[in-house]
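A.B. asks: 3D, please:
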Amino acid sequence: METAISILYYTRYIAIISFIISIFPIAKAIGFNRVNDITPILEEHNLYKNDYFSILSIILIIITFTIPNIIIEKNYEKTISENKILSIEIENQFFNDHKTINLFYPKQLKKSQISTERLKTKEEYYGILHLENYKTLPVKLIEVETFSKDTIITYKLISTQFPPVEKEIGVIQTNNIKYHIC
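C.D. replies: Take a look at the predicted model:
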């Protein structure tokens, strides 16, 4: 699984480079001729083959940007549903209480109502979910600046199981974690 995600991750760079290479002759032909109708120019320079190549590289770019994220999210859900979370370790602090452990199950994770990507991040916490059968699942919690006046703190849960790609799994809203770590 990890090798497939790594291959897809690094293939996206090859796809981007191939798209740039395929677009360059078309842009060069259009730039030198400055005409409104580009069809005769493409026929004259035989650049229709590059057009198919660029479409193929666009499809490859879309595949390599979406498939690893889907695989990581499904793998997280599958791992958590098959194995019970025994404890959570965040910044060398262990959490065994059921209230905190239940926050990490996929059913409890909230899909972000608002886009958390534009919000400021305050702190990052690295942790490990300890599962049954001596399995572990590395995660990262990013504290997000919220505009509410509540004492509830919002965290983005990110799976770091596969190093090249980090995928946001969901949003956790709690005040249990921050007070124990500080």
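
A.B. asks: K107 falls within a helix, correct?
C.D. replies: No - assignment of K107 by DSSP: H, G, I helix; E, B strand; the rest coil gives coil, placing it outside any helix.

A.B. asks: residue contacts, it?
C.D. replies: Neighbour list for K107: empty [criterion: CB atoms under 8 Å, 6 or more residues apart in numbering]. C-beta here means a position set from N, CA and C on the backbone, and glycine is covered the same way.

A.B. asks: where along this structure do the strands fall?
C.D. replies: Secondary structure of the chain (DSSP state E): strands located at 85-90, 93-95, 121-131, 136-144, 153-159, 167-174.

A.B. asks: Ok, which of those strands comes nearest I14?
C.D. replies: For I14, the closest of those is strand 167-174, at 21.1 Å, according to CB to CB.

A.B. asks: tilt between that closest one and strand 136-144?
C.D. replies: Orientation check (axes from the mean of the first three to the mean of the last three CA atoms, to 10 degrees): strand 167-174 against strand 136-144 gives 60 degrees.

A.B. asks: re earlier: present the strands of the chain as TSV; the columns should include distance to T79.
C.D. replies: Conversion of the strands of the chain to TSV gives the following (distance: least, CB to CB, whole Å):
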stretch	distance to T79
strand 85-90	10
strand 93-95	18
strand 121-131	7
strand 136-144	6
strand 153-159	10
strand 167-174	11
